[in-house]
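S.K.: Here you go, sequence then predicted model.
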Amino acid sequence: MSLPELDFQPIKKFSPPLTKLWIYTNYDCNLRCKYCLASSSPKASRRAIKVANIRKLVDEAEELGFDNLYFTGGEPFLLEDIYEILAYASERMQTSVLTNAMLLRGKRLEKLCAIQNDNLIAQVSLDGSRPEQHDPYRGAGSWEKTVEGIHNLQEYEFRIRLSTTQTPANTTHLTEICTFHQALGIPEDDHFIRPLAKRGFSQEGVEVCKETLVPEITVSQDGIYWHPMSTDPDMKVRSAIFPLEEAVSQVQAELEAISRASQDGLNAFQ
């Protein structure tokens, strides 16, 4: 078990090279999770990025040396063109799609199976080993459908990662959750636990900002952001998506300034 997935610590030195690119494919979702960082729901505006722009982002990311792509939402599998997007990306580098897995059956599952390859990973949100640990924050009946989706993916031998958000409903059951994912055959390295963050719909959790998150460049229809934890205005890097190289340079410059300010603050107390 990895706990937590994110390290909420002040940035004191440069991070490793930027190798992960996150893309918000859309913001509408089949669920309305109480802690959703993106304020996604069935009523949320889609705000989808055009496929042509995603292809361009993938191409530029490959040229810049990124080696991991993450597609998130909202629920990406609400999009008709998500399969085209995932096929294009996973032909070029390791590609993860974040999903609640509830829609992965029938024709959607068939379309996903048609593009299956070793670079494609399904990262499924699962907050408990039982409904009472998962459903209070994600919706009644969601645990059962998510576990069904996991089994469907396993039937076709997809690599699955599990992402667990630690909440008051599951915080005393984390060991039990680990036992459950091991019983599913999902290894420790493919299970991540993150704390609640006070963003989006969440009224509780850790306060996060640029100074407390090591950057992972994130793209939405509205621009470039510091980290996938939030596409709120204070986390925005620039409005223009292209060229991606300029966003990388700007993030590195901001990171240097944050690091320098942090070091100056430490020196003032020495």
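M.R.: Done, it's in. Residues are numbered from 1 along each chain as shown.
S.K.: Could you list which residues are in contact with Thr95?
M.R.: Counting by Cβ atoms under 8 Å, 6 or more residues apart in numbering, Thr95 touches 68-71, 86, 89, 119-121. To be clear about C-beta, it is placed using only N, CA and C from the backbone, and glycine gets the same treatment.
S.K.: Next, the closest residue to Thr25 other than its chain neighbours: phi, psi?
M.R.: Across the structure, with Cβ to Cβ, 6 or more residues apart in numbering as the measure, the residue nearest Thr25 apart from its sequence neighbours is Pro76 (4.7 Å). Recorded main-chain torsions at Pro76 are phi -60, psi -30, according to degrees, to the nearest 10.
S.K.: Number of residues surrounding the nearest residue to Gly223 once chain neighbours are set aside?
M.R.: If you skip the residues right next to it in sequence, Gly223 has Ser239 as its closest partner in space, 4.3 Å away by Cβ to Cβ, 6+ apart. Neighbourhood size, Ser239 [other Cβ atoms under 10 Å]: 8.
S.K.: Over to Pro168?
M.R.: Number of residues near Pro168 (other Cβ under 10 Å) recorded here: 10.
S.K.: again with the one 3 residues further on
M.R.: Other residues near Thr171 number 12, with proximity taken as other Cβ under 10 Å.
S.K.: the strands in the stretch 101-250 of the chain, which residues?
M.R.: 120-125, 159-166, 191-195, 218-220, 223-225, 236-238 (DSSP state E, counting those that start in this stretch).
S.K.: Quick one: residues contacting the residue nearest to Tyr24 when sequence neighbours are not counted.
M.R.: In space, not counting the residues next to it along the chain, Tyr24 is nearest to Ser220; the distance is 4.0 Å by Cβ to Cβ, 6+ apart. Residues counted as contacts of Ser220 (Cβ under 8 Å, 6+ apart) are 23-24, 27, 47, 49, 231.
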